[in-house]
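S.K.: have a look at this prediction, sequence included:
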Amino acid sequence: MGSSDTTSTKTALYSYSPSSPSSSPPAATVLSPCAACKVLRRRCVDKCVLAPYFPPTDPQKFTNAHRVFGASNIIKLLQDIPVSQRADAVSSMVYEANARIRDPVYGCAGAIFQLQKQVNELQAQLARAQAEAINVQAQNANLMALICMGMSHTLHDGAALAVDALAAAPLNDSFSLDDGSLHGGAIWEAPIWT
């Protein structure tokens, strides 16, 4: 067939319905073969098993499936399964065919293996990130505990030193700040609030 033959099969045939009123445009019915019948170069019958699943707008879908599985095997498979499952079966066959064309050795199994490898890598990365988050939280908690302990020791030690100094020193002695210790004296005799 030449290029003029292929373009004639791609054009749709229109039929005019004489029963329609003259005020409205004529009703057009597209009589185009399905993609499977186009590829197989055969006449598409009204009850073509392949027509609902291989529309004329996507011939590559059938071409790939036909190349991998063969038209007769596709037709047999579709006739052997219930109508409700045929769309899923065609979808699976087309996916497998596309995968086989991309990767003739592994097909879908290669794609599944690559996806499983990505999942494993992402799970390992997630586990590392979670461990790092737990480590950062533990470091934060330790740091806060050290800060709180340091503050309580500082307050506790300062208060203990002041109490010890007050208990050891007589009340009427003079006050000396030269050596940093507390001795009773003039500061304690002055009122704090005036």
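M.R.: Great, that's in hand. Since this is a predicted model, take the numbers as computed values, not measurements.
S.K.: name the helices or strands packed onto the strand or helix carrying Ala127?
M.R.: Using DSSP states H and E, Ala127 sits in helix 108-168. Judged by 3 or more Cβ pairs under 8 Å, 6 or more residues apart in numbering; DSSP states H and E, helix 108-168 is in contact with helix 83-102. Any C-beta I mention is one placed from the backbone N, CA and C, and that applies to glycine too.
S.K.: who's in contact with Cys34?
M.R.: Going by Cβ atoms under 8 Å, 6 or more residues apart in numbering, Cys34 touches 44, 48, 50-51, 54-56, 62.
S.K.: contacts only, for Ala51.
M.R.: Residues in contact with Ala51 (Cβ under 8 Å, 6+ apart) are 34, 36-37, 44.
S.K.: in TSV, list those along with pLDDT.
M.R.: As requested, the contacts of Ala51 are exported to TSV (pLDDT from 0 to 100):
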residue	pLDDT
Cys34	88
Ala36	88
Cys37	90
Cys44	87
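S.K.: what two of the residues you listed are the furthest from one another?
M.R.: Across the contacts of Ala51, the longest distance by Cβ to Cβ is 7.9 Å; it joins Ala36 and Cys44.
S.K.: mind checking which of these two has more residues around it?
M.R.: Remark: of Ala36 and Cys44, Ala36 carries more neighbours, 26 against 18, as counted by other Cβ atoms under 10 Å.
S.K.: name the helices or strands packed onto the strand or helix carrying the more buried one?
M.R.: Element membership for Ala36 (DSSP H and E) is helix 35-40. Applying 3+ Cβ pairs under 8 Å, 6+ apart, one finds that helix 35-40 contacts helix 59-69, helix 71-80.
S.K.: export the ones you listed to JSON lines and tack on mean neighbour count and distance to Val119?
M.R.: Supplementary listing: the helices and strands packed on helix 35-40 in JSON lines, determined by neighbours: other Cβ atoms under 10 Å; distance: least, Cβ to Cβ, whole Å:
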{"stretch": "helix 59-69", "mean neighbour count": "19", "distance to Val119": "27"}
{"stretch": "helix 71-80", "mean neighbour count": "14", "distance to Val119": "31"}
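S.K.: nearest to Val94, out of those?
M.R.: Of all these, it is helix 59-69 that lies closest to Val94, at 5.3 Å by Cβ to Cβ.
S.K.: any idea how far Gln137 is from Ala71?
M.R.: Here the criterion is Cβ to Cβ, to the nearest Å. By it, Ala71 lies 62 Å from Gln137.
S.K.: swap in Arg128?
M.R.: For Arg128, the distance to Gln137 - Cβ to Cβ - is 15 Å.
S.K.: and Ala111, by the same measure?
M.R.: Separation of Ala111 from Gln137 (Cβ to Cβ): 39 Å.
S.K.: which of these two has more neighbours?
M.R.: Ala111 (16 against 10).
S.K.: how close does the residue nearest to that one when sequence neighbours are not counted sit to Thr57?
M.R.: For Ala111, ignoring the flanking residues on the chain, the nearest one in space by Cβ to Cβ, 6 or more residues apart in numbering is Ala99 at 5.5 Å. Going from Ala99 to Thr57 by Cβ to Cβ gives 22 Å.
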